[in-house]
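Participant: For reference, the sequence and a predicted model appear below.
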Amino acid sequence: MIFRQLFEPISSTYTYLLGCQITGQAILIDPAMPAWERDLEVINGLGLKLVYTLDTHIHADHITAASKLKQMVGSKIAGPSLDKLPCTDVPLYEGTRLQVGSILIDPLHTPGHTDNHFSYLADDRIFTGDALLIDGCGRTDFQSGDAETLYRTITQKLFTLPADTLVFPAHDYQGRRVSTIEQEKTRNPNIGNRKNLEEFVKIMQGMKLSYPKFIDYAVPGNKACGTCPPDVPENLQQYCESMGVSHQG
Ligand code: FE2
C-alpha cells in the first residue's frame, strides 16, 4: 500500500492518503478544504487516481474537501451511514468492508466525540479521527459528545485491537504523527494506565476548553459534505481558501 500522512496547518488536521499499487486507485481520509490542491498534487505525483474520500465524522474545526474533490476529479463521498447525509455517495457500515483495489478498510463505529463517529481500520493501522488522539482524545462537550460513551469506545473497541496497531489520529497540535494502541494504553494521560470510567469522566469534565471558533460554520458546511457557508466572516475565510491564498493577493 502507498501511504502518505498529510498535514493541514490551519486546523492541524492530518489527512491520510492510501493508494493501491496494483490498480492505482487512491482514497483520502479526512481531506480538509484549504489543502485540496496540495492533496491532488500528491496523488497525481504518485500516478494515482482518487476514487473515494472518507470522513471520520462531521468535523467542527474544519470543512471537509469531499465535495470539492468530487467536483474536481469525480471521487465518491463516503462516510458514516449513521449520519444519513443526503450528499454521501457511499454510506459506510461497521461490519461491511470497503475494498479499493488491494486496500481493505473496515469501518468501526467509535462514538463519544460525536455519536456517529467512525474509525477506519486498514491492515496494521487505524485512523481514529478524534476518538483517540496521541496522548489525548477528542473533546466530548459539544455536538453529540459523551464522555462515558467515548470511554467505552476506547477501552472496549480501540484498546482491544492488536497492541502494535498503528494509531493515526485526525489531529495533533504538537507535531506528533503516529502512536500505537499499546502506547496509548500505557501512557495516554486521559485514559491510559487503566484509568476507570469515573476518572476519565472527571478529566473530560475538568477540561476548560473554549468554544470552537469555526464550529458554527463547519458543522452546517460538513453536513453538506464540505460547502463553505456564504456568511463565513473574513477572519475565518482561511478555512475555506486554498493554502497559500492571501487577502493581499
Ligand atoms: Fe472533531
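Facilitator: Now that the structure is in, tell me what you want to look at. Numbers count the residues shown, from 1 in each chain.
Participant: rest of the way, CA atoms for contacts and neighbours
Facilitator: OK.
Participant: Quick check: which ranges of the protein have low pLDDT?
Facilitator: By pLDDT under 70, the low-scoring segments of the chain are 244-249.
Participant: how about the strands in it?
Facilitator: In the chain, the strands defined using DSSP state E lie at 2-8, 13-19, 25-29, 49-54, 76-80, 90-92, 98-100, 103-109, 118-122, 125-129, 166-169, 179-180.
Participant: beta partners for the residue nearest to the spatial centre of the chain?
Facilitator: Central residue of the chain (CA atoms, centre = their mean): G129, 3.7 Å from the mean position. With DSSP bridges applied, G129 shows beta-bridge pairing to P169.
Participant: I'd assumed T114 was in contact with it.
Facilitator: No. In this structure, G129 is not within contact of T114 by CA atoms under 8 Å, at 10.5 Å.
Participant: So which residues of the chain form helices?
Facilitator: Assigned by DSSP state H, the chain shows helices spanning 36-45, 66-73, 147-152, 181-187, 197-205, 215-223.
Participant: then the first one to PDB, C-alphas only?
Facilitator: Only the C-alpha atoms of helix 36-45 are listed here, as PDB (Å, rounded to 0.1, in the frame of the first residue of the first chain):
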ATOM      1  CA  TRP A  36      -7.400  20.100  -1.600                       C
ATOM      2  CA  GLU A  37      -5.000  21.300  -4.300                       C
ATOM      3  CA  ARG A  38      -2.000  20.000  -2.400                       C
ATOM      4  CA  ASP A  39      -3.700  16.700  -1.800                       C
ATOM      5  CA  LEU A  40      -4.400  16.300  -5.600                       C
ATOM      6  CA  GLU A  41      -0.800  17.300  -6.400                       C
ATOM      7  CA  VAL A  42       0.500  14.500  -4.100                       C
ATOM      8  CA  ILE A  43      -2.000  12.000  -5.600                       C
ATOM      9  CA  ASN A  44      -1.100  13.000  -9.200                       C
ATOM     10  CA  GLY A  45       2.600  13.000  -8.400                       C
END
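Participant: can you start the count at 26 instead of 1 from here on
Facilitator: Yes, from this point I'll number from 26; that puts the last item at helix 61-70.
Participant: Tell me what angle that helix forms with helix 91-98.
Facilitator: 50 degrees (axes from the mean of the first three to the mean of the last three CA atoms, to 10 degrees).
Participant: With distance to R122 as extra columns, can I get the helices of the chain in a markdown table?
Facilitator: As requested, the helices of the chain are exported to a markdown table (distance: least, CA to CA, whole Å):
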| stretch | distance to R122 |
| --- | --- |
| helix 61-70 | 23 |
| helix 91-98 | 20 |
| helix 172-177 | 23 |
| helix 206-212 | 21 |
| helix 222-230 | 31 |
| helix 240-248 | 24 |
